[in-house]
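A.B. asks: Here you go, sequence then predicted model.
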Amino acid sequence: MASSSYKYNSTIILLATLAATTSLLTAAAGESPTPKPWPLQFHSILFVNYSGSAGLYDLWYDWPNGRNLNIIQDQLGEVLYDIEWNNGSIYKYTKDKQCSTFQIDVGILRPDWLDGAVYLGQETVDGFLCNVWQKIDFIWYYEDVVTQRPVHWVFYTGRSIHVMTFEMGAVLEDAKWQAPAYCFEKNDTKSQFQVDIGYMEPQLKDISRGSMQLDM
């Protein structure tokens, strides 16, 4: 048991050393690190804090199929399903047959949506040493120096997101992406839910419309 622990600690030390060395070499070359593009498909659990309100977001990102799903659990609230498609269609619904549909002029985020972000340096967040970037005064993005996984990001509105899990390559079965039949029935619930583009907020269309459109 002690031997296993020693090997684990040694691996962490080695990774940290390599990351620090890479950072020093990059600085010496006069270059700033760039954020790692998102995997084409992943699953992540996010803890969200916004104006004192807490929530858990169960995020499924599927770029090849042009879709993004957030299963949103606000504290002591009802579960909200938020399916976003690259054609601009958004379906927000609950299990009690409440549904709102929207059409916007941007699709889901491209994996390289952080291209052009300004590097701000390094900062320790949630116990992780992170590289930090800012995208047009809209979002501050924190990425673990060692693993290059996203750790945290903050919107200009103050919405703070902490990445609890990050499963690269995870895929949700197709049946889970289908909005229920009552979302396609005529009803009076069209404006019940605020258009929020999931955890990323509608102002993302101002980041770079061209870089967010599906380009097969």
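C.D. replies: Structure received.

A.B. asks: how does the protein divide into domains?
C.D. replies: 1-31, 33-216 (automatic domain parsing).

A.B. asks: Could you tell me the least trusted of those domains?
C.D. replies: Ranked by mean pLDDT, the domains of the chain end with domain 1-31 in last place, scoring a mean of 46.

A.B. asks: Most tightly packed of the domains of the chain?
C.D. replies: Looking across these with neighbours counted as mean count of other C-beta atoms under 10 Å, the highest average goes to domain 33-216: a mean of 16. Yep, even glycine has a C-beta here, placed from its N, CA and C like the rest.

A.B. asks: For the protein, just list every one of the strands.
C.D. replies: Assigned by DSSP state E, the chain shows strands spanning 41-50, 53-62, 67-74, 79-85, 89-93, 99-103, 118-125, 128-135, 139-144, 150-155, 160-168.

A.B. asks: could you give the angle of the fourth one to strand 67-74?
C.D. replies: Taking axes from the mean of the first three to the mean of the last three C-alpha atoms, to 10 degrees, strand 79-85 and strand 67-74 form an angle of 160 degrees between their directions.

A.B. asks: Quickly run through the sheet partners of strand 79-85, with directions.
C.D. replies: Paired neighbours of strand 79-85 in the sheet (DSSP bridges): strand 67-74 (antiparallel), strand 89-93 (antiparallel).

A.B. asks: List of residues touching the shortest one?
C.D. replies: By C-beta atoms under 8 Å, 6 or more residues apart in numbering, the residues outside strand 89-93 that reach it are 80-84, 99-104, 179-180, 182-183, 193, 195, 197.

A.B. asks: From the chain's centroid, how far away is that strand?
C.D. replies: Centre-to-centre, strand 89-93 and its host chain are 18 Å apart (C-alpha atoms, centre = their mean, to the nearest Å).

A.B. asks: any idea how far residue 133 lies from residue 154?
C.D. replies: Applying C-beta to C-beta, to the nearest Å, the value for residue 133 to residue 154 is 12 Å.

A.B. asks: any residues in contact with both of these two?
C.D. replies: residue 140.

A.B. asks: before we move on, the earlier item: mind giving me TSV with the strands paired with strand 79-85 and columns for distance to residue 53?
C.D. replies: Converted to TSV, the strands paired with strand 79-85 look like this (distance: least, C-beta to C-beta, whole Å):
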stretch	distance to residue 53
strand 67-74	7
strand 89-93	17
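
A.B. asks: and of the ones you listed, who's closest to residue 126?
C.D. replies: Residue 126 sits nearest to strand 67-74 of all the strands paired with strand 79-85, at 20.2 Å, using C-beta to C-beta.

A.B. asks: Quick one: closest of the strands paired with strand 79-85 to residue 109.
C.D. replies: Ranking these by proximity to residue 109 (C-beta to C-beta) places strand 67-74 first, at 7.6 Å.
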